[in-house]
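Colleague: Everything below, folded, please.
(one chain, ligands or ions: 1)
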Amino acid sequence: MPFNQKHLLGIEHLSPSEITTLLEAGESFLEISTREVKKVPIFRGKTIVNLFFEPSTRTRSSFELAAKRLSSDILNFSSQSSSVVKGESLKDTVRNLEAMNVDTLIIRHSCSGAPHYVTTFCQSHVINAGDGPHEHPTQALLDAFTIKQEKKKLENLKVVIVGDILHSRVARSNIFLLTKLGAHVVLVGPPSLVPVEFKKFGVDIDYNLDRALEKADVIMMLRIQSERQQKNYFPSIREYINLYSLNPKRYRRAKKDAIIMHPGPINRGVELSTDLADSAKSMILKQVEHGIAIRMAVLYLLMGGKEREIID
Ligand code: CP
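Modeller: Alright, predicted model coming up:
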């Protein structure tokens, strides 16, 4: 199936077949990272820019490794050590980087819509690496990829997403992706962080985690996004932990083979207990590993790699 998008700005406007194409391409790239020489000569001479206006460990590192494993050059731009601190605008920053003849811009920004805005004036491919609380498409792709690797399907799985749904771009992208591919998504958290409006996305909402975990195949725990909160959304952290933290006793309510996921960074002991985070049921480091394969696939399909090149 061809992939005819120039940019990856979100999951919301992708078709199920485009998502499937990205996931299948990820399977082709997974093996490359296990080779002695973890590199294929697909994008020699191309230049990719990691343009991060917010902190990142996983996304930035794995885009960098994905670009390098495709033989591209990569420029890591950090806003804190750039002329952004002297007042340079996003538009001027991008236009100056583009003047250096780059091919692809990977953008993380605190403002929803920033990557979309950049596409209105730049020539390069643009990939959204997380824009405010809006979308984080490559995270949802790597999450779906991980679920498929473990469960061999997405259709009819019960996926329980727990935590600060309101401020989570990971939750939004996962909701779009998982519902498009036929999973049953249940959102759980305090009412202040799981607005009923989310039902319009074709999900169920439950404010009782113990009940929602019954028959769950996948449990996705999310961090409280305190950096995006202007007020208190629950009375105390102790109360939040009592009601919404995943611990071994709670986990036993889910299916025996239920997997635990988290996009990171984890606040151990808050949304997830340390013993579960480090258990055999935890897919957290698998998610990170799969992030490189998925990001290689995204770069490959957007930048026009040829099918035969994957195996060269
Ligand atoms: N999952 C994720 O986006 O992690 P980083 O913020 O470390 O990139």
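Colleague: Pull up the gap between whichever residue of the stretch 201-312 of the chain sits closest to the ligand and residue 146, please.
Modeller: Per Cβ to the nearest ligand atom, residue 263 is where the stretch 201-312 of the chain lies closest to the ligand, at 3.7 Å. Yep, even glycine has a C-beta here, placed from its N, CA and C like the rest. Using Cβ to Cβ, to the nearest Å, residue 263 is found at 11 Å from residue 146.
Colleague: What segments of the stretch 151-300 of the chain are helices?
Modeller: 169-180, 209-212, 237-244, 248-251, 274-277, 284-302 (DSSP state H, counting those that start in this stretch).
Colleague: The fourth one - contacts with which helices or strands?
Modeller: With contacts defined as 3 or more Cβ pairs under 8 Å, 6 or more residues apart in numbering; DSSP states H and E, the packing partners of helix 248-251 are helix 274-277.
Colleague: what does the stretch 151-300 of the chain put close to the ligand?
Modeller: Counting by Cβ under 6 Å from any ligand atom, the stretch 151-300 of the chain comes close to the ligand at 263-265.
Colleague: returning to that earlier point: OK, contacts around the residue of the stretch 201-312 of the chain closest to the ligand?
Modeller: 58, 136, 139, 143, 170, 220, 222-223, 287 (Cβ atoms under 8 Å, 6 or more residues apart in numbering).
Colleague: In terms of helices and strands, where is residue 17?
Modeller: Taking DSSP states H and E as the definition, residue 17 sits inside helix 16-30.
Colleague: Which of the residues in that helix are classified as buried?
Modeller: 18-23, 25-27, 29-30 (16 or more other Cβ atoms under 10 Å).
Colleague: Serialize those to CSV and add fields for pLDDT.
Modeller: Formatted as CSV, the buried residues of helix 16-30 follow (pLDDT from 0 to 100):
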residue, pLDDT
18, 97
19, 97
20, 97
21, 96
22, 97
23, 97
25, 96
26, 97
27, 95
29, 96
30, 96
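Colleague: Determine the number of other residues adjacent to the nearest residue to residue 218 once chain neighbours are set aside.
Modeller: When the adjacent residues along the chain are set aside, residue 218 lies closest to residue 159, with 4.3 Å between them (Cβ to Cβ, 6 or more residues apart in numbering). Counted by other Cβ atoms under 10 Å, the residues lying close to residue 159 total 26.
Colleague: Would you confirm that residue 159 contacts residue 147?
Modeller: Yes - the criterion here is Cβ atoms under 8 Å, and residue 159 meets it with residue 147 at 7.4 Å.
Colleague: contacting residues around the residue nearest to residue 103 when sequence neighbours are not counted?
Modeller: Excluding the flanking residues, the one nearest residue 103 by Cβ to Cβ, 6+ apart is residue 46, at 4.7 Å. Contact analysis of residue 46 by Cβ under 8 Å, 6+ apart lists 70, 72-73, 103-104, 303.
Colleague: can we see that at 10 Å?
Modeller: Applying Cβ atoms under 10 Å, 6 or more residues apart in numbering to residue 46 gives the contacts 67, 70-74, 102-104, 125, 299, 303.
Colleague: Out of the residues you listed, which two sit at the greatest distance?
Modeller: 71 and 125 (16.6 Å; Cβ to Cβ).
Colleague: Which one's more surrounded, these two?
Modeller: Taking neighbours as other Cβ under 10 Å, residue 71 and residue 125 compare with residue 125 leading, 22 against 14.
Colleague: Enumerate every residue touching the more buried one.
Modeller: 5-8, 46, 48, 102-106, 119, 298-299, 302-304.
Colleague: Okay, and which of those residues map to helices?
Modeller: Here DSSP state H is the test, and the contacts of residue 125 give 119, 298-299, 302 as lying in helices.
Colleague: can you list these in JSON lines and add pLDDT and neighbour count?
Modeller: Formatted as JSON lines, those follow (pLDDT from 0 to 100; neighbours: other Cβ atoms under 10 Å):
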{"residue": "119", "pLDDT": "98", "neighbour count": "17"}
{"residue": "298", "pLDDT": "98", "neighbour count": "27"}
{"residue": "299", "pLDDT": "98", "neighbour count": "28"}
{"residue": "302", "pLDDT": "97", "neighbour count": "20"}
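Colleague: Could you list the low-pLDDT ranges of the stretch 201-312 of the chain?
Modeller: 306-312 (pLDDT under 70).
Colleague: Let me know the secondary structure of the residue in the stretch 101-250 of the chain positioned nearest to the ligand.
Modeller: Closest approach of the stretch 101-250 of the chain to the ligand (Cβ to the nearest ligand atom) occurs at residue 139, with a separation of 5.3 Å. Look at residue 139: counting by DSSP: H, G, I helix; E, B strand; the rest coil, its state is helix.
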